[in-house]
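A.B. asks: have a look at this prediction, sequence included:
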Amino acid sequence: MSPKSIASGNEYVCAIERNQNGKYNVRVRAVFGHDGWTLPVYFLASSFNAAMKKLEESLQLLQKNEERLRFWGVERTDDPNMAGDLLQEHGLWLDRRREFPRKVAELGVQRERQVPASMLAPLRRVLADAVTGPRVAAAGD
């Protein structure tokens, strides 16, 4: 996303992986255009469909609570647990990992707007490919 469009909107970089227990680990790196600060979060889901439903809810939550989260992002020293508590209420956790998977889906949304359902279909396809891609190649061998 270009710097000009980030200033007027938010960017979400999403990735999905399966962990050793077979759960889907969905990671979202939100870049809020107001200040350009980043909030990395993640959640676990038991199935791909549940992960996509939770991803949609999570993106809506991040959009809706942008100002509260931005305040925490700027004033972290006052209450470092506030954003963590807000996120945990909705099943999200702060993602402290530095590395991010190579296969990602990106989504740009105007500030203070809901994420349109039409934007989620391409996101879902890219994430499905990220989960099933290696398995299909291994089955063909």
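C.D. replies: Now that the structure is in, tell me what you want to look at. Numbers count the residues shown, from 1 in each chain.
A.B. asks: quick one: the helices in this structure?
C.D. replies: Ranges of helices in the chain, per DSSP state H, are 3-8, 48-64, 66-74, 82-89, 117-140.
A.B. asks: what count of nearby residues applies to residue 96?
C.D. replies: 7 (other Cβ atoms under 10 Å). C-beta here means a position set from N, CA and C on the backbone, and glycine is covered the same way.
A.B. asks: find the centremost residue of the protein, please.
C.D. replies: residue 28 (2.1 Å; Cα atoms, centre = their mean).
A.B. asks: compare the helices of the chain and say which comes out lowest on pLDDT.
C.D. replies: Lowest mean pLDDT within the helices of the chain: helix 3-8, at a mean of 50.
A.B. asks: coming back round to it: wait, what's in contact with the residue nearest to the centre of the chain?
C.D. replies: By Cβ atoms under 8 Å, 6 or more residues apart in numbering, the residues touching residue 28 are 12-14, 40-42, 55, 58-59, 62, 95.
A.B. asks: at 6 Å what do you get?
C.D. replies: Shown in contact with residue 28 (Cβ atoms under 6 Å, 6 or more residues apart in numbering): 12, 14, 41.
A.B. asks: from those residues, which land in strands?
C.D. replies: Under the assignment DSSP state E, those contribute 12, 14, 41 to strands.
A.B. asks: between the residues you listed, which is nearest residue 32?
C.D. replies: Of all those, residue 32 sits closest to residue 12, with 9.9 Å by Cβ to Cβ.
A.B. asks: got the buried residues for stretch 57-70?
C.D. replies: Residues of stretch 57-70 classed as buried: 58-59, 61-63, 65-66, 69-70 (neighbour count, 16 or more other Cβ atoms under 10 Å).
A.B. asks: mind putting the residues you listed into TSV with distance to residue 123?
C.D. replies: Formatted as TSV, those follow (distance: Cβ to Cβ, whole Å):
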residue	distance to residue 123
58	12
59	9
61	16
62	14
63	14
65	20
66	19
69	21
70	23
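A.B. asks: would a markdown table of the contacts of residue 28 with pLDDT, neighbour count and distance to residue 131 be doable?
C.D. replies: Converted to a markdown table, the contacts of residue 28 look like this (pLDDT from 0 to 100; neighbours: other Cβ atoms under 10 Å; distance: Cβ to Cβ, whole Å):
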| residue | pLDDT | neighbour count | distance to residue 131 |
| --- | --- | --- | --- |
| 12 | 93 | 25 | 18 |
| 14 | 96 | 22 | 12 |
| 41 | 93 | 22 | 19 |
